[in-house]
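> Below: sequence and its predicted model.
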Amino acid sequence: MIEENYREVEARVREAAIRSGRTPEEVTLIAVSKTKPLSDIEALIRIGVREFGENKPQELKEKFDSVSQPVHFHQIGHLQTNKVKYVIDRAVLIHSVDSVHLAEQIQKEAEKRGVTAEVLIEVNAAEEDTKFGVTLADAPGLVREISAFPNIHIKGLMTIAPFVDDPEENRPVFRAMKQLLLDIKSQKIHNVDMSVLSMGMTNDFEVAIEEGATMVRVGTAIFGERDYNV
Ligand SMILES: *Cc1c(COP(=O)(O)O)cnc(C)c1O
C-alpha cells in the first residue's frame, strides 16, 4: 500500500520534471514520515527509499537511531534552539533556518562536534501570520548574515506554500521563490550555493516542480492521513 503510493508519487514527480523540461534526477522526493511508525519507514527502505522528512527533532532522533540501515533524515519542521542538539549530526539537511539566533545555536553545536551543518533558509513567501520563515524581502540579508558562520553551509531555500484548494493558486508563490533563489545566487555570496529549492507538498508538488523545485516533501499522498491523537 505505502509502497504503491510511493511509486505513484514518484511517477508523478518524474512526469512533472519531464513536462517542465528537466530530468527526473534533478528532483528529490522526500517521504515525510512524521507521526508515522518505524514500520512504515522500513517498508519504504525495503523498496530502496533513502530520503525521509521529520518535523519534530526528537522524533527524528528516535527514528534515525532505530532504523535498520542508515538513511537520510531531513529536519523539515520548525526548529527551536534547545532542540538543535537532537538533529545536528543526524539530519542530512535542516530545511527550516529562519533566524540568526537559530543559526548561532546550529553553529555552536556543529562546531562542538566538528561538523558542517547543511541548511536551507525557510521563507514565508506568502507572508502568512501562522507560518515561520523570513519574508522574501528579508531573505537575502539573512542569507548573507548566516553565510559568515564557518560551520554552516547554506544550500538553498525552502517554503511551505499556503493550503489552497487549487494548487494553481500557489504557482506565483513558487515562481517568486525561484526568482529569489536566482537573485541570491547571482550575488555569489561566499559559502552559499543556492542549488536546492525545497517546495511542494501532497497538494501542490507538481506545480512546485514545474516552477523549479529540486526537493518536494510529500507525506499524506504516501503514508495516508496523519492522526495527531494517537
Ligand atoms: C507535514 C509536512 C509536509 C508534508 O505534508 P503533506 O501535505 O502531508 O504532503 C511537508 N513539509 C512540511 C514542512 C511539513 O510539515
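Structure received. Numbering: from 1, shown residues only.

> In terms of secondary structure, what does the lengthiest helix in the chain contact?
In terms of residue count, the longest helix belonging to the chain (DSSP state H) is helix 2-19. On a contact count with 3 or more C-beta pairs under 8 Å, 6 or more residues apart in numbering; DSSP states H and E, helix 2-19 meets strand 28-32, helix 38-46, helix 205-210, helix 220-223. Quick note: C-beta positions are derived from backbone N, CA and C, even for glycine.

> Would the second one count as contacting the ligand?
Put plainly, it is helix 38-46. No. Counting by C-beta under 6 Å from any ligand atom, the ligand has no neighbours in helix 38-46; the shortest distance is 13.1 Å.

> model confidence over the next helix or strand after that helix, on average?
Where DSSP states H and E defines the elements, the next helix or strand beyond helix 38-46 is strand 51-54. Average pLDDT, strand 51-54: 98.

> who does strand 51-54 touch, helix- and strand-wise?
Strand 51-54 is packed against strand 28-32, helix 57-66, strand 72-75, with contacts defined by 3+ C-beta pairs under 8 Å, 6+ apart.

> nearest to the ligand, of those?
strand 28-32 (4.0 Å; C-beta to the nearest ligand atom).

> Show me what the closest one is packed against.
Against strand 28-32 (3+ C-beta pairs under 8 Å, 6+ apart) you get helix 2-19, strand 51-54, strand 215-218, helix 220-223.

> Neighbouring strands of that strand in the sheet, and parallel or not?
In the sheet, strand 28-32 lines up against strand 51-54 (parallel), strand 215-218 (parallel) (DSSP bridges).

> what about the nearest residue to Ala176 once chain neighbours are set aside, how many neighbours?
What sits nearest to Ala176 in space, not counting adjacent residues and going by C-beta to C-beta, 6 or more residues apart in numbering, is Ala125, at 5.6 Å. Residues lying near Ala125 (other C-beta atoms under 10 Å) number 27.

> wait, Thr202 sits on Phe223?
No. Look at Thr202 against Phe223 with C-beta atoms under 8 Å: they stay out of range, at 9.9 Å.

> Looking at these two now, which is surrounded by more residues?
For the pair Thr202 and Phe223, the greater number of neighbours falls to Phe223 (24 against 16), based on other C-beta under 10 Å.

> Look up how far the ligand lies from the closest residue to the more buried one other than its chain neighbours.
Sequence neighbours aside, Lys36 is the residue nearest to Phe223 in space, at 4.9 Å (criterion: C-beta to C-beta, 6+ apart). As for Lys36, its distance to the ligand is 10 Å (criterion: C-beta to the nearest ligand atom, to the nearest Å).
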